[in-house]
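In: following is a predicted model, sequence given first.
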Amino acid sequence: MPSLPDAATASSDPAADAMFPPGPPPVDLGLQWVHGYAQLGPAFYTELRPTPLPAPHLVGLSTNLARELGLDPARLATPEVLAALTGSGMLAGARPLATVYSGHQFGVWAGQLGDGRALLLGEAQTAAGPQEIQLKGAGRTPYSRMGDGRAVLRSSIREFLCSEAMAGLGIPTTRALAVTGSPAPVLREEVETAAVVTRVAPSFIRFGHFEHFASTGQEAALRQLTDYVIDRYYPECRTGPAHERLGGNAVAAFLEQVSERTAALMAQWQAVGFCHGVMNTDNLSILGLTLDYGPFQFLDGFDPDHICNHSDSGGRYAYNRQPNVAYWNLYCLGQALLPLIGDQDVAVAALTSYKTVFPRELQARMQAKLGLLHTREDDRTLIEDVLKLLAAGRVDYTLFWRRLSDHVAGGPIDPVRDLFVDRTAMDAWLQRYVDRRADEPDDGAGARMRAVNPKYVLRNHLGELAIRQARTGDFSGVSRLLAVLQDPFAEHPQAHDDYAGLPPEWASSIEISCSS
Ligand code: AMP
Ligand code: MG
């Protein structure tokens, strides 16, 4: 691989060096950089430095992720690293750039978007393989449009906690290494303060990157991007069974793989009760990761029509619509890849696997939640019926599954029944469940269920309480919540009362919108 100049010490653009006089010496974390994305060339991004934030302080650090990456958590908390993560300094070997993409927002073509407030520092070789490192909230870029390039403390804490919570749940996601705060004011509905999330993922490439080059007729760039993504992340598409089945069409095989990963992700979101809130095509990861945490929410009381984004008046991204919207977004990706696939029927065939993979994956997740090892014909009805009962009583989704797990593990049934107003209907369902379980060997179903039905999820009010405390300069609530969310299936008796109970009355009045 050709080596590239180190932007921190030798920018490719002398004019940029003059505009951005050198700050403190780059901080060497011992990372080896690859810069795969940067090698695509200038049509794909703009190189620029972050805009420094004054007086940075550490708000949250994922020591788990630091260790997975082979980084020393104590080093990350030093003033020089905090400065590098908030734009006053730079990590040695980084080559900051903002990528260009386009996308469909709320079902409408939005044209060019791009990293309006995130800067990609590059791709580092880590103990967890090659990982891109991004600073979200690092200042304006050529793609900021009307935005200020900043992220506020509240939404940065939410993204940080939820990224690590999803990882703890075993759900594919971009990760968050740290949140760094600054007293710098940022205007939203009111004046707030700025923060930066240091995000980590094998790639931050979105469906919208492909739509960008397709919509602007840049077919050579579209091919270059597609080849790069296939070679780096989907090499099996050049030779594997999907390639053969789709007539030797590697791009179609790639589309099929993305469809399947997205289908599997949707099944995991639905099973855990996660609402993303802004499933625009520019927020869908080409690797099938949960990406761009904005107005997301874990369901409290089960409501299939729940809308977590206060700006989504039509409910396009309501909980029960997520699987269909993902499919719609995959169609947009398919449309963008069509010039490379060359045959509409092959493209449609590649997308069709979503329709078998999603229900299969969801069924498997729900069977596991019920502790059932084998699949029976009427299991689907058993699942649908309990969801109807949960919806009718707006029963707390997380508590129901965890209490059912505790009961199957040998605990009393009352904590489950107590969640329902219509006990007669629930008793009838429970009897069906008992009968169904009698068909299966009882080999530790309770323990299996506790390993898939989390005791702790990042409920809105838990995040809100940690944020309120953080606004007073006390970040202990963020770390305490993080520790539990990173290990959400364990009991954590000391955290039980604070984090595992029903949400308070005021939780339902929390309004989270796109503005963050
Ligand atoms: P989102 O819906 O948060 O994923 O953002 C949609 C687009 O708006 C992306 O291109 C973001 O980079 C951009 N954006 C969001 N907030 C800001 C901001 N405060 N400043 C600049 N760009 C932003
Ligand atoms: Mg986004």
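Out: Sure thing, it's come through. Ligands and ions are numbered 1, 2, ... in the order given.
In: only C-alpha atoms from now on, for both contacts and neighbour counts.
Out: Will do.
In: buried stuff in stretch 393-402?
Out: 393, 394, 395, 396, 397, 398, 399, 400, 401, 402 (16 or more other C-alpha atoms under 10 Å).
In: and the residues you listed as TSV, adding secondary structure?
Out: As requested, those are exported to TSV (DSSP: H, G, I helix; E, B strand; the rest coil):
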residue	secondary structure
393	coil
394	coil
395	coil
396	strand
397	helix
398	helix
399	helix
400	helix
401	helix
402	helix
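In: which two among these are spaced furthest apart?
Out: Longest distance between any two of the buried residues of stretch 393-402 is 17.0 Å, between 393 and 402; criterion C-alpha to C-alpha.
In: may I have stretch 239-255 exported as PDB, CA atoms only?
Out: The C-alpha trace of stretch 239-255 is given here as PDB (Å, rounded to 0.1, in the frame of the first residue of the first chain):
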ATOM      1  CA  THR A 239     -15.900 -15.700  -5.000                       C
ATOM      2  CA  GLY A 240     -18.400 -17.000  -2.500                       C
ATOM      3  CA  PRO A 241     -21.800 -18.700  -2.900                       C
ATOM      4  CA  ALA A 242     -23.800 -15.400  -3.300                       C
ATOM      5  CA  HIS A 243     -21.500 -14.500  -6.100                       C
ATOM      6  CA  GLU A 244     -22.200 -17.800  -7.900                       C
ATOM      7  CA  ARG A 245     -25.900 -17.700  -7.200                       C
ATOM      8  CA  LEU A 246     -26.200 -14.100  -8.600                       C
ATOM      9  CA  GLY A 247     -24.500 -15.100 -11.900                       C
ATOM     10  CA  GLY A 248     -21.000 -14.100 -10.900                       C
ATOM     11  CA  ASN A 249     -22.100 -10.500 -10.200                       C
ATOM     12  CA  ALA A 250     -19.900  -9.300  -7.300                       C
ATOM     13  CA  VAL A 251     -21.800  -6.000  -6.800                       C
ATOM     14  CA  ALA A 252     -25.100  -7.900  -6.600                       C
ATOM     15  CA  ALA A 253     -23.500 -10.300  -4.100                       C
ATOM     16  CA  PHE A 254     -22.400  -7.300  -2.100                       C
ATOM     17  CA  LEU A 255     -25.900  -5.800  -2.200                       C
END
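In: residues of the stretch 51-200 of the chain that sit close to ligand 1?
Out: Taking C-alpha under 6 Å from any ligand atom as the criterion, the stretch 51-200 of the chain approaches ligand 1 at residues 113, 114, 115, 116, 117, 144, 147, 148, 149, 150, 151.
In: what does the stretch 201-350 of the chain have sitting close to ligand 1?
Out: Applying C-alpha under 6 Å from any ligand atom, we find that the stretch 201-350 of the chain lies next to ligand 1 at 283, 292.
In: what segments of the stretch 201-350 of the chain are strands?
Out: Remark: strands assigned in the stretch 201-350 of the chain by DSSP state E, counting those that start in this stretch are 274-275, 297-298.
In: export those to TSV and append columns for mean neighbour count.
Out: Listed next are those as TSV, based on neighbours: other C-alpha atoms under 10 Å:
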stretch	mean neighbour count
strand 274-275	24
strand 297-298	22
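In: related to what we said a few turns ago, the residues of the stretch 51-200 of the chain next to ligand 1 in strands, which ones?
Out: Among these, the members found in strands (DSSP state E) are residue 151.
In: so residue 81 sits right up against residue 73, yeah?
Out: No. Using C-alpha atoms under 8 Å, residue 81 is not in contact with residue 73; the gap is 10.7 Å.
In: which one's more surrounded, these two?
Out: residue 81 (20 against 16; other C-alpha atoms under 10 Å).
In: let me see the contact set for the more buried one.
Out: Listed by C-alpha atoms under 8 Å, 6 or more residues apart in numbering, the contact set of residue 81 reads 27, 75, 89, 91.
In: the residue sitting furthest away from the middle of the chain sits in which helix or strand?
Out: Most distant residue from the mean C-alpha position of the chain: residue 424, 39.2 Å away (C-alpha atoms, centre = their mean). Using DSSP states H and E, residue 424 sits within helix 423-438.
In: only alpha carbons, please: show that helix as PDB.
Out: Extracted in PDB, the C-alpha atoms of helix 423-438 (Å, rounded to 0.1, in the frame of the first residue of the first chain):
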ATOM      1  CA  ARG A 423     -54.500 -11.100  34.400                       C
ATOM      2  CA  THR A 424     -57.000 -13.500  33.000                       C
ATOM      3  CA  ALA A 425     -55.700 -13.000  29.400                       C
ATOM      4  CA  MET A 426     -52.100 -13.200  30.700                       C
ATOM      5  CA  ASP A 427     -52.800 -16.400  32.700                       C
ATOM      6  CA  ALA A 428     -54.200 -18.000  29.600                       C
ATOM      7  CA  TRP A 429     -51.100 -17.100  27.600                       C
ATOM      8  CA  LEU A 430     -48.800 -18.300  30.400                       C
ATOM      9  CA  GLN A 431     -50.500 -21.700  30.400                       C
ATOM     10  CA  ARG A 432     -49.800 -22.000  26.700                       C
ATOM     11  CA  TYR A 433     -46.200 -21.100  27.300                       C
ATOM     12  CA  VAL A 434     -45.900 -23.700  30.100                       C
ATOM     13  CA  ASP A 435     -47.400 -26.300  27.900                       C
ATOM     14  CA  ARG A 436     -45.100 -25.400  25.000                       C
ATOM     15  CA  ARG A 437     -42.000 -25.500  27.300                       C
ATOM     16  CA  ALA A 438     -43.000 -28.900  28.500                       C
END
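In: mean confidence (pLDDT) on it, please.
Out: Looking at helix 423-438 alone, the average pLDDT works out to 97.
In: next one: stretch 274-286
Out: Mean pLDDT, computed over stretch 274-286, is 98.
In: can you list the buried residues in it?
Out: For stretch 274-286, using 16+ other C-alpha under 10 Å, the buried residues are 274-286.
In: residues touching residue 307, list them.
Out: Residue 307 is in contact with 275, 277, 315, 317, 318, 319, counting by C-alpha under 8 Å, 6+ apart.
In: show me the two of those that sit farthest apart.
Out: Farthest pair in the contacts of residue 307 (C-alpha to C-alpha) is 275 and 315. Separation: 11.5 Å.
In: how's the chain carved up into domains?
Out: Split into domains by automatic domain parsing, the chain comes to 14-204, 250-364, 370-450.
In: what's the end-to-end length of the shortest one?
Out: Using C-alpha to C-alpha, to the nearest Å, the gap from the first to the last residue of domain 370-450 comes to 10 Å.
In: just the CA coordinates for the helix or strand harbouring residue 465, please, in PDB.
Out: If you go by DSSP H and E, residue 465 is part of helix 460-471. Provided in PDB are the C-alpha atoms of helix 460-471 (Å, rounded to 0.1, in the frame of the first residue of the first chain):
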ATOM      1  CA  ASN A 460     -34.400   7.800  28.200                       C
ATOM      2  CA  HIS A 461     -34.800   8.900  31.800                       C
ATOM      3  CA  LEU A 462     -31.600   7.200  32.800                       C
ATOM      4  CA  GLY A 463     -29.700   9.100  30.200                       C
ATOM      5  CA  GLU A 464     -31.500  12.200  31.200                       C
ATOM      6  CA  LEU A 465     -30.500  11.900  34.800                       C
ATOM      7  CA  ALA A 466     -26.900  11.300  34.000                       C
ATOM      8  CA  ILE A 467     -27.000  14.300  31.700                       C
ATOM      9  CA  ARG A 468     -28.500  16.600  34.300                       C
ATOM     10  CA  GLN A 469     -25.800  15.600  36.700                       C
ATOM     11  CA  ALA A 470     -23.100  16.100  34.100                       C
ATOM     12  CA  ARG A 471     -24.300  19.600  33.400                       C
END
